[in-house]
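*Asks:* with the input below, show me the fold.
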Amino acid sequence: MYEEGAVEKILAELEAKTFKDTIAFLDFLRKIARDNYIPVMREKTIELLIELVKKKQPKQILEIGTSIGTSAIATLSGCSGYLTTIDKDENVLYAARQNIARLNLDKRCEFICGDCMQVVDMMQGNKYDFIILDGPKGQYLELYQMLFPMLNSGAIMFIDDIKYFDLVTKEGFVERKHRTIVNAMRKFLDRLQSDKNVLTTLYDIEDGIAVAERL
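*Replies:* The predicted model follows:
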């Protein structure tokens, strides 16, 4: 999925440095992830995530799409809750575990390696105060339908990358390689904004964010 050796390079660069606080660690983590073409949440998106987590103070959190741990670190640093995070890539999940442990947050984090659709299906019946959806973009609608019953009343779903390289709101021709995901994302957003069971706010920052609060 990622360039061979990229994850190992990131961990080696982190091992050689010290950081004054969590924000400095996250800033550097984002930089070297970008340098190695590993997608992670961007700066303003992380800031909004931290703001919402601090306000909500969730006890049980679920994350779809761990990557190397930036969003998990941001979430855990903003509350005292417990986070379960899912990713299908063993290498990035290993890096996330190392990064989260470096900040002594690993005791409040469970790591699950697997296809998120299959894992979430097995988790039906669980309840969460906060869900971060940053997984496969073409499956957001299906994931939302599976995840919604798992939200407690008043819980928040934080959904990243809803603009998908600004193609979702683009008029006219969309290249074939992106068309399936763009159409799926548009259907998801239509469903989300028409759902009377949630209060949805869209943020036109960076890759686009939707914040849905269960009523």
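
*Asks:* longest strand of the protein?
*Replies:* If each strand of the chain is counted by residues according to DSSP state E, the longest one is strand 151-160.

*Asks:* just checking, what packs against that strand?
*Replies:* Strand 151-160 sits against helix 43-56, strand 128-133, helix 140-147, strand 209-214, with contacts defined as 3 or more Cβ pairs under 8 Å, 6 or more residues apart in numbering; DSSP states H and E. Every residue, glycine included, has its C-beta placed from N, CA and C.

*Asks:* neighbours around Pro39, how many?
*Replies:* 17 (other Cβ atoms under 10 Å).

*Asks:* in space, what's closest to it - neighbours in sequence excluded?
*Replies:* Leaving aside its sequence neighbours, Pro39 sits nearest to Ser67 (Cβ to Cβ, 6 or more residues apart in numbering; 6.5 Å).

*Asks:* quick check: that neighbour touching Thr85?
*Replies:* No. The pair Ser67 / Thr85 is not scored as a contact, 9.4 Å apart, by Cβ atoms under 8 Å.

*Asks:* now the common contact residues for these two.
*Replies:* Common neighbours of Ser67 and Thr85, using Cβ atoms under 8 Å, 6 or more residues apart in numbering, are Ala96.

*Asks:* next, count neighbours for Glu15.
*Replies:* With other Cβ under 10 Å as criterion, Glu15 counts 9.

*Asks:* strand 151-160 and the lengthiest helix in the chain, what's the angle between them?
*Replies:* Across the chain, the helix with the greatest residue count (assigned by DSSP state H) is helix 176-194. Using axes from the mean of the first three to the mean of the last three Cα atoms, to 10 degrees, one finds that helix 176-194 and strand 151-160 are set 150 degrees apart in direction.

*Asks:* now for Ser71: which residues touch it?
*Replies:* Residues near Ser71 by Cβ under 8 Å, 6+ apart: 40-41, 46, 49, 63, 65, 132, 134, 160.

*Asks:* centre-most residue in this protein?
*Replies:* Note on the chain: the residue nearest the mean C-alpha position is Asp134, at 3.6 Å, using Cα atoms, centre = their mean.
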